[in-house]
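In: give me coordinates for this.
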Amino acid sequence: MCHGTDGRGATGYEPLAGMAKDDLIRRFKEFRSGAKPATVMHQISKGYSDQQLEQIAAYFAAQKK
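Out: Next up is the predicted model:
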């Protein structure tokens, strides 16, 4: 909900649409490991496998900004 299904982001949330896939994967893994602090994303990212995170990152990377 925060970033929207198209990744353009709700007010106050960083848009994910058009970000580089590798950057998104890195961020997801940083949230999951706890290296990057978050209020919710660390919990959400723990629910996905590496393969699923790659698929999610590819989807948002392919969206237009």
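In: low-scoring stretches of this protein, by residue?
Out: Scanning the chain for pLDDT under 70 picks out no residues.
In: now with 90?
Out: Along the chain, the model assigns pLDDT under 90 to residues 1-6, 9-14, 39, 65.
In: quick one: the helices in it?
Out: Shown for the chain, the helices assigned by DSSP state H span residues 21-33, 41-45, 50-62.
In: what lies in contact with the first one?
Out: By C-beta atoms under 8 Å, 6 or more residues apart in numbering, the surrounding residues in contact with helix 21-33 are 16, 36, 38, 41-42, 44-46, 48, 50, 53-54, 56-58, 60-61. C-beta here means a position set from N, CA and C on the backbone, and glycine is covered the same way.
In: distance of residue 32 from residue 42?
Out: Using C-beta to C-beta, to the nearest Å, residue 32 is found at 7 Å from residue 42.
In: between the two, which has more neighbouring residues?
Out: More crowded of residue 32 and residue 42, by other C-beta atoms under 10 Å: residue 32, with 20 against 17.
In: any idea how far that one is from residue 56?
Out: 12 Å.
In: try residue 19
Out: 11 Å.
In: tell me how many other residues surround the nearest residue to residue 1 once chain neighbours are set aside.
Out: Spatially, and ignoring its direct neighbours in sequence, residue 1 is nearest to residue 10 (7.1 Å; C-beta to C-beta, 6 or more residues apart in numbering). Per other C-beta under 10 Å, the neighbour tally for residue 10 reads 10.
In: now do residue 17
Out: Neighbours of residue 17 using other C-beta under 10 Å come to 17.
In: ok, it - contacts?
Out: 6, 7, 8, 9, 60, 63, 64, 65.
In: residues near the spatially closest residue to residue 40 that is not a sequence neighbour, how many?
Out: Leaving aside its sequence neighbours, residue 40 sits nearest to residue 2 (C-beta to C-beta, 6+ apart; 7.6 Å). By the criterion of other C-beta under 10 Å, residue 2 has 14 neighbours.
In: kind regards, and thank you for your time.
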